[in-house]
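J.: 3D, please:
(chains A and B)
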Amino acid sequence: MPEVTYISPDGTITTLEARDGDSVMETAVKNGVEGIVAECGGACACATCHVYVDEAYFGVVGEPGDLEDDMLDGAASERLPNSRLSCQIKMRAEFNGLLVRIAPEQV
Amino acid sequence: MGVVIVGAGQAGMQLAVSLREGGFEGDVTIVGQESYLPYQRPPLSKAFLSGDSDFESLEFRTPEFYVGKEITVITGEQVVDAAFDGDSGTATTDAGRVLTFDRLALAPGSTPRKLPLPGAELDGVLYLRDLEDALELKARWADAANVVVIGGGFIGLEVAAAARKAGKTVTVLEALDRLIARAVSPITSEFYRQAHERRGTSVRLGVKLERFVGGDDQVGPRVTGVELAPDADGNVEIIPADIVMVGIGVIARGDLAAKLGLETVNGAIVVNEFAETSDPRVVAAGDAVLLPHPLGGEAQVRLESVQNAVDQAKVAAATLLGKREAYHAVPWFWSDQADLKLQIAGLSTGFDSTVVRGSQDDEHFSVLYYRDGRLIAIDAVNDPSDYMAVRRALGAGANIPAELASDSAVALKTLITAGS
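T.: As a prediction, this is how the structure comes out:
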C-alpha cells in the first residue's frame, strides 16, 4: 500500500499506509491526523482539507480540477501554487512516499 | 466523570472526538442502534448508490482510532430509558445494559416520515436513511427498470439522478407545486425541474396519491406501481414501478428526550445557543434539535445537515467541558445530482429579494437572497466561487450589496463590504 506523510501545522509528522483508492483526506481523518477537517466528507464542497503538496510530488499528483480550483480560491489559508484539496487526491502506487503539509487554517 | 452519548451518527461521533480533543479525561461512551461504527450518510444517496464507494470508505474513523482515544462505541443497542438521580444518572439500553453517567448528550437523529397509503407494506416500497436501507436499495437496483421517487426533496432528487444515470425510467412525484420547496427559492426549484427533465426524468408536481399498487410474484406481494388520485374527469393513472423510493422528510427522534422531561416541539429537542436542553445537565446536537437561528434573530430552526451536526456537536462538547462557545456557525449544505453541484450557505427563509448571477441555461449560476438589503444566503449551482464568497461574507458578518452583485462579470469576493 502506498505511503503518505503529513506535516501538521504544529510540526507533527505522521506517516500512514493508504488503502489504494482512498483519498489523502480519508486516510488522514480515519486515523485521527489533526488539522484536516473535511466537513463534507470528500464531496469537494467545503474546502476544509487544504494541503500543500511537496514540490517533489506536485508533478506526479497534478493540478486541481475546475471545481476544486474554484473551491481553493475560497480556502481559509493562503492559496499557493502547490495547494490541493486532499479529498481530491486518490492514493495509488505511483504516489508512494507522497508528502503534504496541512494548511494552518481550514475553517 | 463520564459522558454517555446517545446516537452514533455524525453528531454523536463528533461530540466524542471533540471531548477528547478538548482534553476530557472521563469515560466517553457512544451508543448507536445500528450495527456499524459511525459512518457518513450523505454518500448513501450519491456515490454509494452508484457503486463508487464501499463501507470502509463510509467509515468516519478506523476501529483503532476509537480504541486509541478511549472512546467506547456500543453498536446494535438503543438507549430506551435514562434518568438522573442527583448529580449522576443511568441510561438503559434495549439489551438491558445499564450505563452510568454524570452528563448526558443526545444525538438521536431522525427517522424517515412514512407515507401511510394503502399498499405501504408492499415489498419494494423503500425509504433511505441508513446503511441497511441503502444496501436494500442497491440490491434491487440492477433489476429495477422503473423507479418512482415520491418526494422532490434532496434525497429523492439525488436518488432520481442516480437512477437516471443508470439508465432507468424515472418518475418523481411531488405533492407541492415545486421541487425542494422547503430549502430553496422558486428560481432554484424551477431550474432543478428543468434540469431533471432535460436528463430524461419525468417530474410531476402537485400530485395527489391514491395507493401503492401490488402484484404477487414468487416472493409475495410486491409493488408494481403507484396510483394517482383520480383527475377531475375521474380518470385513474398508474405509474409503473419496480421500486418506489419515498423521501418525504424526517421526524426528529425525541422519544428519550420526552422521557427525560425535556422540552420538545414535534419531537425536536429544544436547545439554547450552547446546545443545552431545558435541563442543563443534558446537551443535544444534530438533526433532532431545534436551535436558535445561528446568525441571530428570534427564529428557532431545525438544520438537517452535516454542517449542523458537526458544528453543534463541537458547541455541545465545549459546554460539557465547561467552556461557553455560542453557536454562530454559518449554515451550509450541498447536494450532488447528476453533474450538478448545489451549494447553499446561509438560510434563505424570510428573504424579500434575490439577485441571480450567471446562466441557468448553462447550468452555472447562483441565487443570492437578501432581506432588508442585507445578504442572508446563496444557492450556487456549479459555482463554488460565488458560494465560497458568500460563506465567507456571512461568516464575517459582512454584506455584498445587491446592486453590485447583479453584475455577473465581477467576482463576488471583490465586493464584500465589512461590518453592518
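
J.: so how far is B:His364 from B:Pro125?
T.: For the record, residue B:125 is Val, not Pro. Separation of B:Val125 from B:His364 (C-beta to C-beta, to the nearest Å) stands at 37 Å. From N, CA and C alone the C-beta is placed, and that goes for glycine too.

J.: Compare those two (neighbour count), which wins?
T.: Set side by side, B:Val125 and B:His364 show more neighbours around B:Val125, with 23 against 16, by other C-beta atoms under 10 Å in any protein chain shown.

J.: For B:Glu227, which residues are in contact?
T.: Neighbouring residues of B:Glu227 by C-beta atoms under 8 Å, 6 or more residues apart in numbering or on different chains: B:209-213, B:236-239.

J.: hmm, 6 Å instead?
T.: For B:Glu227, the contact set (C-beta atoms under 6 Å, 6 or more residues apart in numbering or on different chains) comprises B:210-211, B:213, B:238.

J.: for the residue nearest the centre of chain A, what are its contacts?
T.: With distances taken as C-alpha atoms, centre = their mean, chain A has A:Ser86 as the residue nearest its mean C-alpha position (2.6 Å). Going by C-beta under 6 Å, 6+ apart, A:Ser86 touches A:24-25, A:49, A:51.

J.: What residues are bridge-paired with residue 90?
T.: Here I'm looking at chain A. A:Lys90 forms beta bridges with A:Ser23, as assigned by DSSP bridges.

J.: I was thinking of chain B, sorry if that wasn't clear
T.: B:Ala83, B:Thr100.

J.: how's chain B carved up into domains?
T.: B:2-111+B:250-320, B:125-246, B:339-414 (automatic domain parsing).

J.: Switch the ones you listed over to JSON lines; also include distance to A:Val61 and mean pLDDT.
T.: Listed next are the domains of chain B as JSON lines, based on distance: least, C-beta to C-beta, whole Å; pLDDT from 0 to 100:
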{"stretch": "domain B:2-111+B:250-320", "distance to A:Val61": "20", "mean pLDDT": "95"}
{"stretch": "domain B:125-246", "distance to A:Val61": "28", "mean pLDDT": "95"}
{"stretch": "domain B:339-414", "distance to A:Val61": "20", "mean pLDDT": "95"}
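
J.: Which positions in chain A make contact with chain B?
T.: Applying C-beta under 6 Å from any C-beta of the partner chain, one finds that chain A approaches chain B through A:30, A:32, A:39, A:41, A:43, A:45, A:67, A:70-71, A:73-74.

J.: Just the ones of the residues you listed in helices?
T.: Mapping those onto helices (DSSP state H) picks out A:30, A:67, A:70-71, A:73.

J.: circling back: can you flag the buried ones in the contacts of B:Glu227?
T.: B:210-211, B:213 (16 or more other C-beta atoms under 10 Å in any protein chain shown).

J.: Now flag whichever of the residues you listed is closest to B:Val223.
T.: B:Val213 (7.1 Å; C-beta to C-beta).

J.: secondary structure element for the closest one?
T.: Under the criterion DSSP states H and E, the helix or strand holding B:Val213 is strand B:209-217.

J.: Tell me which residues are up against that strand.
T.: By C-beta under 6 Å, 6+ apart, strand B:209-217 touches B:117-119, B:122, B:125, B:221-225, B:227, B:229, B:238.

J.: can you check stretch B:369-380 too?
T.: Contact partners of stretch B:369-380, identified using C-beta under 6 Å, 6+ apart, comprise B:184, B:188, B:343-348, B:350-354, B:366-368, B:386-387, B:390, B:399-400, B:402.

J.: As a check, name the ranges of all strands in chain A.
T.: A:3-7, A:13-17, A:50-53, A:83-85, A:98-102 (DSSP state E).

J.: can you tell me the average pLDDT over the shortest one?
T.: Averaged across strand A:83-85, the pLDDT comes to 96.

J.: Can you read off the pLDDT for the residue nearest to A:Glu34 when sequence neighbours are not counted?
T.: Closest residue to A:Glu34 apart from its sequence neighbours, by C-beta to C-beta, 6 or more residues apart in numbering or on different chains: A:Ser8 at 6.0 Å. On pLDDT, A:Ser8 comes in at 94.

J.: where exactly do the strands run in the stretch 201-350 of chain B?
T.: For the stretch 201-350 of chain B, applying DSSP state E, counting those that start in this stretch gives strands covering B:202-204, B:209-217, B:220-228, B:238-240, B:243-246, B:250-252, B:264-265, B:268-270, B:282-284, B:289-292, B:300-301, B:332-337, B:340-346.

J.: Residue of the stretch 301-420 of chain B nearest chain A, please.
T.: In the stretch 301-420 of chain B, the residue found nearest to chain A is B:Met388; the distance is 2.4 Å by C-beta to the nearest C-beta.

J.: Could you look up the SS state of that residue?
T.: helix (DSSP: H, G, I helix; E, B strand; the rest coil).

J.: residues contacting it?
T.: Neighbours of B:Met388 in contact, by C-beta under 6 Å, 6+ apart: A:Gly74.

J.: Out of the buried ones among the contacts of B:Glu227, flag the one nearest to B:Arg140.
T.: Looking across the buried ones among the contacts of B:Glu227 and measuring by C-beta to C-beta, the closest to B:Arg140 is B:Val213, at 17.2 Å.

J.: Now the terminal residues of stretch B:238-255, how far apart.
T.: 38 Å (C-alpha to C-alpha, to the nearest Å).

J.: Let's see the ChimeraX selection covering just the buried ones among the contacts of stretch B:369-380.
T.: Burial among those is assessed by 16+ other C-beta under 10 Å; the matching ChimeraX selection reads:
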select /B:184,188,343,344,345,346,347,348,351,354,366,367,368,386,387,390,399,400,402
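
J.: Just the pLDDT for the closest residue to A:Val61 other than its chain neighbours.
T.: Nearest residue to A:Val61 in three dimensions, chain neighbours excluded: A:Val53, at 5.3 Å (C-beta to C-beta, 6+ apart). You'll see A:Val53 listed with a pLDDT of 97.

J.: The residue in chain A positioned nearest to chain B - nearest residue in space that isn't next to it in sequence?
T.: Of all residues in chain A, A:Gly74 sits closest to chain B, at 2.4 Å by C-beta to the nearest C-beta. Nearest residue to A:Gly74, sequence neighbours excluded (C-beta to C-beta, 6+ apart): B:Met388, at 2.4 Å.

J.: Please apply the same query to B:Phe212.
T.: With C-beta to C-beta, 6+ apart, the residue lying closest to B:Phe212 is B:Gly119, at 3.1 Å.

J.: which helices and strands does the longest helix along chain B pack with?
T.: For chain B, the helix that runs over the most residues, judged by DSSP H, is helix B:306-320. Applying 3 or more C-beta pairs under 6 Å, 6 or more residues apart in numbering or on different chains; DSSP states H and E, we find helix B:306-320 packed against helix B:10-21.
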